[in-house]
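[1] with the sequence up front, the predicted model follows.
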Amino acid sequence: MNAVTQASALAPAFCEGIQYFGSPWPGFTEHAGEPAIAQGARAIKRAGDLAAAYQTLLAADALRYLTLQICGSKASGHPGGFASSAEAYASLVMLGHTNIVTEVGHHAPGFYSAMFLDRSLEEMGIRTVQDMRDRFREKHGLLGHLSGAIPGLLAPAGPLGQGQHFAMAGALLHPGTLFPVTIGDGGMGEPYVLNAMMHFNTAYPTVTNYLPVLVWNGYSQEHHSMCTTWSNAEMTAYWKGHGFENVYLVDAKNFDDRDQVGAYVDSTAFSFDRRLAFAAAVLQAADSAAKHALNGRRTVLILKQLKGAGVHKVGAKAHNLYPADTLDAEHIVAGLQRRALAPEAWRIVRDNFSRAGGGPAAKTAVTEHVLDIVPLPELPIREFQPGEKQVPATAFGTLVAAVGQVDPYFVVTNADGNEASAMANINQILKIRHPVEDALYHQEPTGQVYEPLNEDACAGLAAGLALFGARSVWLSYESFAINGWPIVQTVTQAMAELRRKTPSFVCMFTAGALEQGRNGWTHQRPEIENYFAAQMRNGNVYPLFPCDANQIQAAYEWALGTYNKGIAIIASKSPLPVYTTMDQARAGIEKGAVTLYESAGGDRTVVFAVTGDMALLPVFEAKDRLEAEGRKVRIVSAANPRRLYRPTDVSWDTVSEPDNTFMDDDHFNALFDGDVLIGVTGGPSGPLEPIMLRTRAARRDVLAWKRGETTASPGEIMAFNGLTGEAMAARAKVLLG
């Protein structure tokens, strides 16, 4: 029996699939005879113990080995970035802090390796290294970037610049629990990472139990990172300038005994004693940083180490594997052999990880359980009478404020000001969270309205809270919402995969293009509605277009009763006619559409299918013109177009909390059948797609937004886009022949 075969025979069963084993390290019997995390314990006893540092280093190399091997198994994936963070990640686990999120989707194989070592992946049938190799980057397996659907992982990670929002949301909801978030120095170049944390630090000065862990390795994915030339003093000053009082920076260069060139070095190239000293320094820094963060001090941990430390290559060349980087490739084999551990080392690492934090993260992470939030009483819905004029946004604001009054977890986020969107009632009742108390501006230190001046931070915290199980709402101008929507897309996709219920993420966008005449095209960007429309087919995304102040209340009432969905409500901040009773309003949201008006007589029928509220004004003008010529007109509000698709159009059966409520053909035809069908929207045409797909009207058209311009009134901007009663009536007559 050769040495490899003999080692395999001695290895624990979970090691099946490990290709290379090594010899025990020097001092193994002395420092790793027993797991540093004792049976029944949640963490090591003391960060200064040499055995704890020794076993932390074992864990770091185990993570590196698995990361490289699973990537090599598919000649695909990203091992380099996580490899440079391995000592920091291992230290946090050994200290019992396992509610770890990341900003870096490319660290996925390292996180999966950690979830394998702590046995979390057994929840999805992954029990051996071979299982993990087989299911890496495969359908129903371990997708290439992190997903909260993976047992033990708290949140997704894909686009850079998002992970800090999940850490801050977790910290807000779970005082006393530490939420480390690893951040790459490439991702730190995203403009909102430190900005978002600085505003949070100012708004929530006592919520310090999140710990940014900067992986400062000198490289982005294809080149040097933009902060690669900074000195340690400059990096420290950068974080202190964003409100972090304690900066723990461990620089591998200070431990190097191999005379490596450059500011960034590979600790795995050190002598064993210096490697151990480096791991001990990281462990002790992580311990101090965690204690400060848990005791009211804003703290960051920075690990400065060359990208790719300990895997197949270093620098940006370590970032990604390509088709030639197979497990048979010489450089991959060499990398694995350098990191190969003895069978008894794997057993020690598994014992420590499966005990850390009280057990596998799949059992202990805060997101593995439904958050206990207060049930809502009946909402103070006010039924407005058809014919009167009311402001939809203000009616919505009343309900938002009512939710905040009973739910202490509830947070409202807004960048451009609730007062500017006719929702001052939210600020008046819930108060803007601000360190300066001022009654004139409705602000106080304990307010529930979070107002950073960038939409990424607004959307991020609100989305993070929803994903972690709390209610929230993001309010924005539709014009600027695109700046925050990417994280909403990330979170709603994650919600579609979750193995637990969480409140739907709700946002409401005001000041649509038709209201913003004098502000010009900078405030006329309704094209984002096509983004929402495209996501309807995902299965759990619902853009809602309430037609009046009654229906916006019905829309929010409906949204609050749903789970694992993304819901965008689009409405105006101007006084507009009320068309529906509350019963009609609720029916329109629940069924997808409702008839607002139908002529008593007429010889041929023109149907207007309308999304939105202000766009109805010229539609009713067109109705008058057509009726005067003897035509019959039906005006239908398409309030919830997702319900108007056919079931086969939408991936409703692939998501958590599936919703297969779609309008049947008989009801659809009763609403939309006519000699002519004209879709009308104050935004782009995408939300009307389900109607245009299903209609039996041979003669049909769409009148929609084209482009912005500075105008003196909403009527003028509608005219600029061909959205006038005259134009609609004229188009109907052409279609009627």
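    That came through, no problem.
[2] low-confidence stretches in the chain?
    1-6, 190-191 (pLDDT under 70).
[3] can you list the domains in it?
    The chain resolves into domains spanning 3-368, 389-736 when parsed by automatic domain parsing.
[4] ok, longest helix in this structure?
    helix 50-74 (DSSP state H).
[5] skipping adjacent residues, who's closest to Ala280 in space?
    Ranked by C-beta to C-beta, 6 or more residues apart in numbering and with sequence neighbours excluded, the top spatial neighbour of Ala280 is Ala53, at 3.7 Å. Heads up, the C-betas are built off the backbone N, CA and C, glycines and all.
[6] ok, the one you found to Phe278 distance?
    Using C-beta to C-beta, to the nearest Å, we find Ala53 at a distance of 9 Å from Phe278.
[7] what about Gly592, distance to Thr299?
    Counting by C-beta to C-beta - Gly592 and Thr299 are separated by 50 Å.
[8] stretch 500-512: end-to-end distance?
    End-to-end distance for stretch 500-512, by C-alpha to C-alpha, to the nearest Å: 35 Å.
[9] can you check stretch 383-400 too?
    Chord length of stretch 383-400, first to last residue, is 16 Å (C-alpha to C-alpha).
[10] what's the answer for stretch 696-710, then?
    Stretch 696-710 end-to-end distance (C-alpha to C-alpha) = 38 Å.
[11] count of residues packed around the residue nearest to Ala280?
    27 (other C-beta atoms under 10 Å).
[12] surely it is in contact with Ala279?
    Yes: Ala53 is in contact with Ala279 according to C-beta atoms under 8 Å; the separation is 5.1 Å.
[13] pretty sure Pro452 is touching Tyr192, no?
    No: using C-beta under 8 Å, Pro452 is not in contact with Tyr192, being 9.1 Å away.
[14] ok, back up a step: the longest helix of the chain - contacts with which helices or strands?
    helix 28-31, helix 80-83, helix 86-94, helix 108-117, helix 129-135, helix 272-294, helix 330-339, helix 343-355 (3 or more C-beta pairs under 8 Å, 6 or more residues apart in numbering; DSSP states H and E).
[15] now it against helix 108-117, angle please.
    Relative orientation of helix 50-74 and helix 108-117, computed by axes from the mean of the first three to the mean of the last three C-alpha atoms, to 10 degrees: 120 degrees.
[16] how about helix 50-74, which residues are buried there?
    By neighbour count on 16 or more other C-beta atoms under 10 Å, the buried set for helix 50-74 is 51-74.
[17] quick revisit: winner for burial among the helices and strands packed on helix 50-74?
    Mean neighbour counts were compared across these using mean count of other C-beta atoms under 10 Å; the top stretch is helix 80-83, at a mean of 32.
[18] kindly export it (C-alpha atoms) in PDB.
    Extracted as PDB, the C-alpha positions of helix 80-83 are listed here (Å, rounded to 0.1, in the frame of the first residue of the first chain):
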ATOM      1  CA  GLY A  80      -7.600  33.300  -5.400                       C
ATOM      2  CA  GLY A  81      -9.500  35.900  -3.500                       C
ATOM      3  CA  PHE A  82     -10.800  33.600  -0.700                       C
ATOM      4  CA  ALA A  83      -7.300  32.000  -0.400                       C
END
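[19] the residue minimising distance to the centre of the chain - nearest residue in space that isn't next to it in sequence?
    The residue lying closest to the centre of the chain (C-alpha atoms, centre = their mean) is Val491, at 3.4 Å. Nearest residue to Val491, sequence neighbours excluded (C-beta to C-beta, 6+ apart): Ala463, at 4.1 Å.
[20] got the contact list for the one you found?
    Contacts here follow C-beta atoms under 8 Å, 6 or more residues apart in numbering; on that basis Ala463 touches His165, Ser472, Trp474, Ile487, Val488, Thr490, Val491, Phe505.
[21] tell me which stretches of the stretch 501-650 of the chain form helices.
    528-535, 549-560, 582-591, 616-628 (DSSP state H, counting those that start in this stretch).
[22] and the first one, which residues are buried?
    When neighbours are counted by 16+ other C-beta under 10 Å, the buried residues of helix 528-535 are found to be Ile528, Glu529, Asn530, Tyr531, Phe532, Ala533, Gln535.
[23] any idea how far Pro687 is from the closest residue to the fourth one other than its chain neighbours?
    In space, not counting the residues next to it along the chain, Tyr531 is nearest to Trp485; the distance is 6.4 Å by C-beta to C-beta, 6+ apart. Here the criterion is C-beta to C-beta. By it, Trp485 lies 15 Å from Pro687.
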